[in-house]
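>>> okay, predicted coordinates and the sequence, questions at the end:
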Number of protein chains: 2
Amino acid sequence: MPFTPRTPRVVAARRLQRRREREATGRFLAEGPQAVREALARPRTVVELFGTPDALDRYADLAARAAGTDVPVTEVTDEALAALAETVAPQGLVAVCRHLDVPLATALARAPRLVAVLAGIRDPGNAGTVLRTADAAGAAAVVFAGDAVDPYNGKCVRSSAGSLFHVDVVRERDPAAVVAAARSAGLAVLAATGYGEEDLDELADAGRLAAPTAWLFGSEAHGLSEELVEAADARVRVPLHGRAESLNLAAAAAVCLYASARAQR
Amino acid sequence: MPFTPRTPRVVAARRLQRRREREATGRFLAEGPQAVREALARPRTVVELFGTPDALDRYADLAARAAGTDVPVTEVTDEALAALAETVAPQGLVAVCRHLDVPLATALARAPRLVAVLAGIRDPGNAGTVLRTADAAGAAAVVFAGDAVDPYNGKCVRSSAGSLFHVDVVRERDPAAVVAAARSAGLAVLAATGYGEEDLDELADAGRLAAPTAWLFGSEAHGLSEELVEAADARVRVPLHGRAESLNLAAAAAVCLYASARAQR
């Protein structure tokens, strides 16, 4: 018999929708076949896979991959799946995953050429989108710094479209420590800010984007703290050619990260 | 006495939250001081300005500018303002504006060097964000083509952060007609698609982004239609350096539009 919303294992997994429970257990939820596929591709990440009978049939390859790596695969009712999922159309699959963040030192020891630092970004959709863009641009690590959103927040996981499972995710409370460690690791630290005195295109023209780089991005509401802006090696603005007063965070991060990616090819 | 939610002029303005009413009257709502400021900066755009007494005091410059151009300024209660606004914190101002789109031929006759075409983009937040990014990148015109969202949708207006009032906005039902007209106007027509056979960086290296260009962007859910992809002069993909399968629409558009802006400097 498939598990119902009242089955204890379902009840326990559902609690992972709350940050406190994620912190206490070191686990989180990933929903939908894309996220589940990416999670299963990482060793020792998925703890349990829940699926409706229909979905486990439709995505038999995923069910088989889970079973083949000793991940329990559990049939649940449509109601139980709906309770576990945060979206309306979760396509029948939800995985319980282990937290996968690594210490900052570990990520930096791998000599990344491109790192994105989300400093105090509170909006989970924005954070997940920048994580996805950073992955696309070839960033090896994404640091959630300071008072940033929990990277395992359901909306952040979904917005990352699987990229949460691709890059080294780091959580570090002290953003200044990130700047210091990145610089010690040989990375140029660039603060993305609309008030930056250096123009992104001019940096690119001068060949200054080819070096290994950590980009600092602040929240759309509050930007980067003055302390972080000052701590960076350069303060960089994306040029505004038209009459817009600014770019939104996701767009600015995309332009900056891709400028680095192009310069680093 | 300030107008209340039941005052007929407030009731009539509030109906503009519905697309049908916007189409019937040729009017729409812009809320918050930033949008109101941009709207007032355009001749013959604002029909009436509603504000709470507090807000009209705090933004006295905007109230004065409205009054100075014969735009009626109307005090409303907090309740009436809340009824007119779609956000929780509208900062006390809502303007009734005239539709401002121009015919495609008019926009093209101004010889734009950069144009963004939103082909069938249904999500108002995405459309407004791309409009804002296009403005920032220096695009002179943004075309809402095919079955795209109404540019005067409240969420689209807000996401554009004022850029709706900066660029030539065009609405054209037939996307193929946009491609034909853009090409006739001397623009290179580039389709942004993850399956494109040309790499954006290679186009830039080859100097092919310096020409006047119209970019075609499709919805995140459905992409561009095969017909439009084929009709373009080139099908261009943003390179994926990491393991992300794709970029989201706003990020891809930002990278493409800024690549053109940089090449066109």
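Cool, got the structure. Residues are numbered from 1 along each chain as shown, chains lettered A, B, ... in the order given.
>>> just want the residue of the stretch 151-265 of chain A that's nearest chain B.
Nearest residue of the stretch 151-265 of chain A to chain B, counting by C-beta to the nearest C-beta: A:H241, 3.1 Å away. Heads up, the C-betas are built off the backbone N, CA and C, glycines and all.
>>> leaving out sequence neighbours, find the closest residue to that residue.
Closest residue to A:H241 apart from its sequence neighbours, by C-beta to C-beta, 6 or more residues apart in numbering or on different chains: B:G138 at 3.1 Å.
>>> give me the three-state assignment for that neighbour.
State at B:G138, reduced to three classes by DSSP: H, G, I helix; E, B strand; the rest coil: coil.
>>> so it makes contact with B:A116?
No: B:G138 sits out of contact with B:A116 when judged by C-beta atoms under 8 Å, with a separation of 10.6 Å.
>>> touching, A:A148 and A:G120? I think so.
Yes: when contacts are counted by C-beta under 8 Å, A:A148 is listed as touching A:G120 (5.7 Å).
>>> got a list of what the residue of the stretch 151-265 of chain A closest to chain B touches?
Residues in contact with A:H241 (C-beta atoms under 8 Å, 6 or more residues apart in numbering or on different chains) are B:A136, B:A137, B:G138, B:A261.
>>> and which of those is nearest to chain A?
In terms of C-beta to the nearest C-beta, no member of the contacts of A:H241 lies closer to chain A than B:G138, at 3.1 Å.
>>> what's the burial count for that closest one?
The number of residues packed near B:G138 is 22, by other C-beta atoms under 10 Å in any protein chain shown.
>>> does any part of whatever helix or strand A:A251 lives in sit near chain B?
Secondary structure from DSSP states H and E places A:A251 in helix A:249-264. Yes: against chain B, helix A:249-264 shows contacts by C-beta under 8 Å from any C-beta of the partner chain at A:A250, A:A251, A:A252, A:A253, A:A254, A:V255, A:Y258, A:A261, A:R262.
>>> could these be laid out in CSV, adding pLDDT?
Below are those laid out as CSV (pLDDT from 0 to 100):
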residue, pLDDT
A:A250, 96
A:A251, 97
A:A252, 97
A:A253, 98
A:A254, 98
A:V255, 98
A:Y258, 98
A:A261, 98
A:R262, 97
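>>> most neighbours among those, which one?
Counting neighbours by other C-beta under 10 Å, A:A254 leads those with 32 neighbours.
>>> just checking, A:P103 touches A:R171?
No: look at A:P103 against A:R171 with C-beta under 8 Å: they stay out of range, at 9.1 Å.
>>> so for those two, which residue has more residues nearby?
Legend: neighbour count by other C-beta under 10 Å for A:P103 and A:R171, higher for A:R171 (16 against 12).
>>> follow-up on the earlier one: could I have the helix holding A:A251 exported to CSV, CA atoms only?
This file holds the C-alpha atoms of helix A:249-264, laid out as CSV (Å, rounded to 0.1, in the frame of the first residue of the first chain):
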residue,chain,number,x,y,z
LEU,A,249,20.0,41.2,-9.6
ALA,A,250,19.6,38.2,-11.8
ALA,A,251,20.3,40.2,-15.0
ALA,A,252,23.3,42.0,-13.4
ALA,A,253,24.8,38.8,-12.2
ALA,A,254,24.3,37.2,-15.6
VAL,A,255,26.2,40.0,-17.3
CYS,A,256,29.0,40.0,-14.8
LEU,A,257,29.5,36.3,-14.6
TYR,A,258,29.4,35.9,-18.4
ALA,A,259,31.8,38.7,-18.9
SER,A,260,34.3,36.8,-16.7
ALA,A,261,33.5,33.5,-18.5
ARG,A,262,34.2,35.1,-21.8
ALA,A,263,37.4,36.6,-20.6
GLN,A,264,38.6,33.4,-19.1
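>>> who are the packing partners of that helix?
Using 3 or more C-beta pairs under 8 Å, 6 or more residues apart in numbering or on different chains; DSSP states H and E, the elements in contact with helix A:249-264 are strand A:114-119, helix A:124-136, strand A:188-192, helix A:200-205, strand A:213-218, helix B:124-136, helix B:249-264.
>>> next, the angle from the longest one to helix A:249-264.
What it means is helix B:249-264. Following axes from the mean of the first three to the mean of the last three C-alpha atoms, to 10 degrees, one obtains 50 degrees for the angle between helix B:249-264 and helix A:249-264.
>>> helix B:249-264: how far from the chain's middle?
With C-alpha atoms, centre = their mean, to the nearest Å as the basis, helix B:249-264 stands 16 Å off its chain's centre.
>>> same check, this time on the shortest one
On the basis of C-alpha atoms, centre = their mean, strand A:188-192 is displaced by 19 Å from the centre of the chain it belongs to.
>>> what does the single nearest residue of the stretch 51-200 of chain A relative to chain B show for phi and psi?
Scanning the stretch 51-200 of chain A for proximity to chain B using C-beta to the nearest C-beta identifies A:G138 as nearest, at 3.1 Å. Per-residue torsions, A:G138: phi 100, psi 10 (degrees, to the nearest 10).
>>> next one: A:L247
Reported as degrees, to the nearest 10, the phi and psi values for A:L247 are phi -110, psi 160.
>>> grab the nearest non-local neighbour of it.
Closest residue to A:L247 apart from its sequence neighbours, by C-beta to C-beta, 6+ apart: B:A136 at 5.1 Å.
>>> ok, now A:E197?
Leaving aside its sequence neighbours, A:E197 sits nearest to A:R235 (C-beta to C-beta, 6+ apart; 5.7 Å).
>>> name the residues of the helix or strand hosting the one you found that come out as buried.
For A:R235, the host element (DSSP H and E) is strand A:234-237. For strand A:234-237, a neighbour-count test (16 or more other C-beta atoms under 10 Å in any protein chain shown) marks A:R235, A:V236, A:R237 as buried.
>>> burial of A:G162, as a residue count?
With other C-beta under 10 Å as criterion, A:G162 counts 24.
>>> you'd agree it is up against A:A35?
Yes: using C-beta under 8 Å, A:G162 is in contact with A:A35, at 5.7 Å.
>>> list, one by one, the residues from the stretch 51-200 of chain A near chain B.
A:129, A:132-140, A:161-163, A:166-167.
>>> re earlier: okay, A:A148 and A:G120: which has more neighbours?
Shown here are A:A148 and A:G120; by other C-beta under 10 Å, A:A148 has more neighbours (25 against 20).
>>> how close does the more buried one get to B:R171?
Distance of A:A148 to B:R171, given as C-beta to C-beta, to the nearest Å: 39 Å.
>>> for A:V169, same thing?
42 Å.
>>> check A:A244 too.
Here A:A244 is placed at a distance of 21 Å from B:R171 (C-beta to C-beta).
>>> over to A:A232?
43 Å.
>>> and A:A30, by the same measure?
Distance, A:A30 to B:R171, using C-beta to C-beta: 40 Å.
>>> got it, and A:H222?
Taken as C-beta to C-beta, the span from A:H222 to B:R171 is 36 Å.
>>> what do you get for A:A263?
Counting by C-beta to C-beta - A:A263 and B:R171 are separated by 38 Å.
>>> domains of chain A?
Recorded structural domains for chain A (assignment: automatic domain parsing) are A:8-98, A:104-264.
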